[in-house]
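J.: The sequence and its predicted three-dimensional model are supplied below.
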Amino acid sequence: MSMRISQHPTLDELAHALAGAFIEVCRQRQGDGGVPCAVLTGGSGGERVLEALSSHPDRDTVEWTRVRFIWGDERWVPSGHEDRNDLLADRTLFDAVAVDPSLVHRVAGPDSGLTLDETAGAYAAVVHGIDRIDVALNGVGPDGHIASLFPGRDELEIVSDEAPEALPIRNSPKPPPERVTLTLPALRRAEHVWLIAAGTAKAEAVGRTIARSAPLLPAARVFGAAETVLWADTAALGAPSASSS
Ligand SMILES: O=C1O[C@H](COP(=O)(O)O)[C@@H](O)[C@H](O)[C@H]1O
């Protein structure tokens with residue numbers, strides 16, 4: 001499965017372009033009578049994309065109350081904690097548009113009373129019950145991780161469709177140490193898998209992802225059913241040019 005590169009001069013321009021494409025995916029699915037399902041991501045790129053969505057001129061062409069949201073990963077800290085990925089969505093998109101809380105599937109925090117394993121199991125069941133994932137956003141970390149799938153870790157080797165679609169993570173190399181992540185097979189169910197990478201800190205991981213250098217980084221191991229797009233700024237591509245495509 002080939003990966004298309006969408007290059008933009010800056011993260012802001014990348015986020016605006018990606019937000020427009022995200023809106024178009026949602027509009028088309030809703031036009032077909034469906035309820036689009038989007039996988040959200042955390043991190044610096046994910047936050048900027050959510051901000052761009054919340055202020056996009058075409059924002060209100062989507063019926064946001066008919067969009068389902070899940071997360072590619074969540075940091076296992078209490079609800080409302082600054083480290084949580086869902087807080088980024090609360091402070092940006094969900095603050096700007098009305099959503100249906102029954103279609104917003106958050107990963108429970110330790111304050112829920114569930115253990116980490118129980119939380120991951122419950123999230124796996126939620127994701128398993130979703131018949132179609134339209135678009136999955138994946139912020140790429142400087143080490144090439146996506147969601148909470150980090151290089152060299154066992155979770156990355158779970159590629160069977162029979163495996164749970166979400167897993168607990170302990171001892172994450174990036175804090176906080178406890179997390180819940182979707183698996184590669186779950187992310188690969190998405191029609192559109194979009195990777196987000198901006199800044200020079202991402203250049204090495206981006207270069208290795210594009211080159212498919214061995215061992216394959218997590219970012220190189222995810223692909224979409226219909227397309228895989230690397231949304232990158234010029235700095236992440238390590239290129240001097242400032243053209244977009
Ligand atoms: O920890 C995480 O990091 C990645 C990427 O974050 P960035 O700040 O380097 O862009 C993100 O994809 C993931 O959702 C998040 O939990």
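T.: Nice, I can see it.
J.: nearest residue to Val222 other than its sequence neighbours?
T.: Sequence neighbours aside, Leu187 is the residue nearest to Val222 in space, at 5.0 Å (criterion: CB to CB, 6 or more residues apart in numbering). In short, each C-beta sits where N, CA and C put it, glycine included.
J.: residues contacting that neighbour?
T.: Leu187 makes contact with 39, 72, 136, 138, 146-147, 193, 222 under the criterion CB atoms under 8 Å, 6 or more residues apart in numbering.
J.: near the ligand, from these?
T.: With respect to the ligand, and counting by CB under 6 Å from any ligand atom, the subset of the contacts of Leu187 in contact is 72, 138, 146-147.
J.: got those as JSON lines, with pLDDT, neighbour count and secondary structure columns?
T.: Formatted as JSON lines, the entries for the ones next to the ligand among the contacts of Leu187 read as follows, by pLDDT from 0 to 100; neighbours: other CB atoms under 10 Å; DSSP: H, G, I helix; E, B strand; the rest coil:
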{"residue": "Gly72", "pLDDT": "98", "neighbour count": "27", "secondary structure": "coil"}
{"residue": "Asn138", "pLDDT": "98", "neighbour count": "31", "secondary structure": "strand"}
{"residue": "Ile146", "pLDDT": "98", "neighbour count": "33", "secondary structure": "strand"}
{"residue": "Ala147", "pLDDT": "98", "neighbour count": "33", "secondary structure": "coil"}
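J.: I'd like those residues as CSV, with distance to Val126 appended.
T.: Listed next are those as CSV, based on distance: CB to CB, whole Å:
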residue, distance to Val126
Gly72, 13
Asn138, 19
Ile146, 20
Ala147, 15
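J.: So Asp83, which state does it fall into?
T.: Following DSSP: H, G, I helix; E, B strand; the rest coil, we place Asp83 in the coil state.
J.: So which residues of the protein form strands?
T.: All strands of the chain, identified by DSSP state E, fall at 4-8, 37-40, 68-71, 73-75, 133-139, 166-169, 179-182, 190-197, 227-233.
J.: Pick the most deeply packed of these.
T.: Taking mean count of other CB atoms under 10 Å as the contact definition, the stretch among these with the greatest mean neighbour count is strand 179-182, which reaches a mean of 29.
J.: Nearest residue to the residue in the chain that the ligand sits nearest to in space, please, no chain neighbours.
T.: Nearest residue of the chain to the ligand: Gly43, at 2.2 Å (CB to the nearest ligand atom). Once flanking residues are discounted, Gly43 sits nearest to Gly139: 3.5 Å by CB to CB, 6+ apart.
J.: swap in Gly46?
T.: The spatially closest residue to Gly46, leaving aside those adjacent along the chain, is Gly139, at 4.5 Å (CB to CB, 6+ apart).
J.: doesn't Leu50 make contact with the one you found?
T.: No. Counting by CB atoms under 8 Å, Leu50 is not a contact partner of Gly139; they are 10.9 Å apart.
J.: just to revisit the earlier point, from Thr183, how far out is the residue nearest to Gly46?
T.: Taking CB to CB, to the nearest Å as the measure, Gly139 and Thr183 are separated by 17 Å.
J.: where does this structure come near the ligand, residue by residue?
T.: Where the chain comes near the ligand, counting by CB under 6 Å from any ligand atom, the residues are 41-46, 72-73, 85, 138-139, 141, 146-148, 174.
J.: Low-confidence stretches in this structure?
T.: Counting by pLDDT under 70, the chain contains low-confidence residues at 239-245.
J.: Thank you, goodbye.
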